[in-house]
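Student: Quick one, structure for this:
(2 chains)
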2 protein chains.
Amino acid sequence: MTTVLLSLADWNPSRWLASLREVLPEEKVIALEPDGRFSGEADELEATEYLVAWKPRPELFARLPRLKAILSVGAGVDHLLNLPQLPQLPIARIVDPDLTARMVEYVTWQVLHHQRLGPSYQTLQRASRWRQLPQPAARELTVGIMGLGVLGIASADILIRLGFRLTGWSRRAKEVAGVVTYHGDGQLTAFLRETDILVCLLPDTPKTRGILGHRVFSELRREGPLGGPVLINAGRGKLQNEAELVAALKDGTLRAASLDVFQEEPLPASSPLWNMENVVITPHVASISDPATLPRLIARQVKRMEAGEPLQFVVDRAAGY
Amino acid sequence: MTTVLLSLADWNPSRWLASLREVLPEEKVIALEPDGRFSGEADELEATEYLVAWKPRPELFARLPRLKAILSVGAGVDHLLNLPQLPQLPIARIVDPDLTARMVEYVTWQVLHHQRLGPSYQTLQRASRWRQLPQPAARELTVGIMGLGVLGIASADILIRLGFRLTGWSRRAKEVAGVVTYHGDGQLTAFLRETDILVCLLPDTPKTRGILGHRVFSELRREGPLGGPVLINAGRGKLQNEAELVAALKDGTLRAASLDVFQEEPLPASSPLWNMENVVITPHVASISDPATLPRLIARQVKRMEAGEPLQFVVDRAAGY
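Tutor: Below you'll find the model as predicted:
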């Protein structure tokens, strides 16, 4: 029998605890309170071999001498890699078909919303005005996806079927069927120059932080049939420089944006983004972990490692994802 | 050499005339003015064998003794079948891959907009409020498509890939891969009872006119995870009873609606639909004819018939589509 510890900041652990115990009936599953307290015995913490974590406190690791692996409950692992006391143990990301499906829905929704001029028609509707606007076809637009991981590739697949031209940019060279790919700093400008709708699904790493700023916005394709480029950020809030983003949305460098993530979350009520007619705000819900699915994926990883098999979806700590 | 006459109400024919002449260089192509006048010689009208039409005037047919076929420039043909003096000649609809692609974009966009709670998040955004709402997965929702023609089947294909459960209803029995199908008056209630999002792509016929009214709305699934059923009408405005629609949207019989077509178009500024937060209005742009594509499809039909081949996409006048 092994011990699995849940440390989920901000969330009530009771539902997670119940469902994880159900899928790991032979193991001991314990949990910290959302505030980081542990109400059980100290030797239970000492016996912990697997940490299931969302934003754990850095001081936790000193209390887990037998820890073998860290299992992130999110697709992103920036909440772990930023921790100063992070031990040199394997860290696995969640790759959840359900999280992927959610993200594909969000990306498809927002790409269509801008292609079909949703923000403009909303403004006309509020003024009770009937006016048909010139409407670019999907095949006239290039959607450029930054970040060609599982989420980016699945999103590209549906967008290609809808008729869009797809390009992608990633840190390392990748080949994706039906997608014209670029990589590295050297090819970023070439990628941006032909992009009408920029979809950002990058992880938060020291190399990507703040990348969505004036330089990137100003290099996007300006002469496309939408009348200006659009940004969709469903990656991480720290990727975007919000001061430069607001300026670009005001001066027309960007025609519009859909933002699911922000530098500070919740987005402060004082942010000018809330009241911009060319901005679609959702409160970090593009793809959120479903308590019904994730415990099964976590249990599978624990069982693999206990059976002597390697963990799946292990993070490359140097790359940051 | 044959003569092809354009009669396009409300549209300036010059662009159409130029492009149709380009694709039919060996035929004579002439056009009526938008107001129905003809500025050429009477014998040109008499020589006309093909009428390319959008809402032609009924008295036109008496002036076209040699007419062989009528080619609608729209997918719908209610603008022709309602005419009292319509001759007994083959009438062909347009089946344009581009019109199909446009409709699939619109249907996918609006289904996702409601599944992902777009109207609710817009209301929250206007109030600068950050609040995550319970979010049903695509697989928890049934999208029911009324009208299983080319547009309905192509829309279902993408929605299935996004994870939705698909059902369909048509006048006659049909089989569509991946779609649970119903047909006829006898199976309408069974179809509606399991539908969360109703997508209407029916043609306007005496049997379908006014079908989108209280009876249909009240039979939709009420206990689904969206908290009430949604109507998306991209078919024809005459299908909907707008007084009953407004009442259903106010009393919660319908949670929300996306309307591209209306009983009267342009939708009068006095319509209460404009100001309802749970209604998405677009001005009959879900799928509109592209002057760049349609002439090629029209030319293909003329060439087929001149070569002795049968017309494609001939309308069944008894069925009305």
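
Student: Quick check: pLDDT value at the most centrally placed residue in chain A.
Tutor: Ranked by distance to the mean C-alpha position of chain A (CA atoms, centre = their mean), the top residue is A:Gly235 at 3.7 Å. pLDDT, A:Gly235: 94.

Student: likewise the one 5 residues further on?
Tutor: Model confidence at A:Gln240, expressed as pLDDT, equals 97.

Student: From what I see, A:Met226 and A:Leu198 are in contact.
Tutor: No Met there; residue A:226 is Leu. No: under the criterion of CB atoms under 8 Å, A:Leu226 makes no contact with A:Leu198, lying 11.7 Å away. (Glycine included, C-beta is placed from N, CA and C.)

Student: More neighbours: those two, which one.
Tutor: Using other CB atoms under 10 Å in any protein chain shown as the criterion, A:Leu226 and A:Leu198 rank with A:Leu198 on top: 27 against 20.

Student: Enumerate every residue touching the residue lying closest to A:Val315 once chain neighbours are set aside.
Tutor: Spatially, and ignoring its direct neighbours in sequence, A:Val315 is nearest to A:Ile91 (4.5 Å; CB to CB, 6 or more residues apart in numbering or on different chains). By CB atoms under 8 Å, 6 or more residues apart in numbering or on different chains, the residues touching A:Ile91 are A:69-72, A:77, A:80-81, A:314-315, A:317.

Student: In three-state terms, label A:Ile30 for me.
Tutor: Following DSSP: H, G, I helix; E, B strand; the rest coil, we place A:Ile30 in the strand state.

Student: how near is it to A:Ser7?
Tutor: 10 Å (CB to CB, to the nearest Å).

Student: out of everything not next to it in sequence, what's closest to A:His114?
Tutor: A:Val230 (4.5 Å).

Student: pretty sure the one you found contacts A:Thr253?
Tutor: No: counting by CB under 8 Å, A:Val230 does not reach A:Thr253; the two are 11.4 Å apart.

Student: hang on, the earlier thing: specify the beta-bridge partners of the residue nearest to A:His114.
Tutor: A:Ile197, A:Ala256 (DSSP bridges).

Student: which of A:Val230 and A:Thr253 has more neighbours?
Tutor: A:Val230 (28 against 18).

Student: Just want to check the distance between that one and B:Ser14.
Tutor: A:Val230 is 33 Å from B:Ser14, by CB to CB.

Student: Repeat that for A:Glu265.
Tutor: 54 Å.

Student: Same question for A:Val199.
Tutor: Taking CB to CB, one finds A:Val199 at 39 Å from B:Ser14.

Student: Then A:Ala286?
Tutor: 46 Å.

Student: Show me which of those two is the more surrounded one.
Tutor: A:Ala286 (27 against 9).

Student: so which helix or strand takes in the more buried one?
Tutor: For A:Ala286, there is no enclosing helix or strand under DSSP states H and E.

Student: For it, give me its contacts.
Tutor: A:Ala286 neighbours (CB under 8 Å, 6+ apart): A:102-103, A:106-107, A:234, A:260-261.

Student: again with A:Lys238
Tutor: Counting by CB under 8 Å, 6+ apart, A:Lys238 has contacts A:78, A:204, A:209-210, A:263.

Student: which among the residues you listed gets closest to B:Glu309?
Tutor: Checking those against B:Glu309 with CB to CB, the nearest one is A:Asp204 at 60.8 Å.

Student: so what's that closest one up against?
Tutor: Going by CB under 8 Å, 6+ apart, the list of residues near A:Asp204 reads A:76, A:78, A:235-236, A:238-239, A:320.

Student: how about the residues of the stretch 101-250 of chain A that lie near chain B?
Tutor: Applying CB under 8 Å from any CB of the partner chain, we find that the stretch 101-250 of chain A lies next to chain B at A:101-102, A:104-106, A:108-109, A:112-113, A:115-116, A:118, A:121-122, A:124-126, A:128-133, A:135, A:137-139, A:158, A:161-163.

Student: Mind checking which of these land in helices?
Tutor: A:101-102, A:104-106, A:108-109, A:112-113, A:115, A:118, A:121-122, A:124-126, A:158, A:161 (DSSP state H).

Student: Show me which of those are buried.
Tutor: Buried by 16 or more other CB atoms under 10 Å in any protein chain shown: A:101-102, A:104-106, A:108-109, A:112-113, A:115, A:118, A:121-122, A:124-125, A:158, A:161, out of these.

Student: before we move on, the earlier item: quick one, which of A:Ile30 and A:Ser7 is more surrounded?
Tutor: Neighbours were counted for A:Ile30 and for A:Ser7 using other CB under 10 Å; A:Ser7 has more, 24 against 21.
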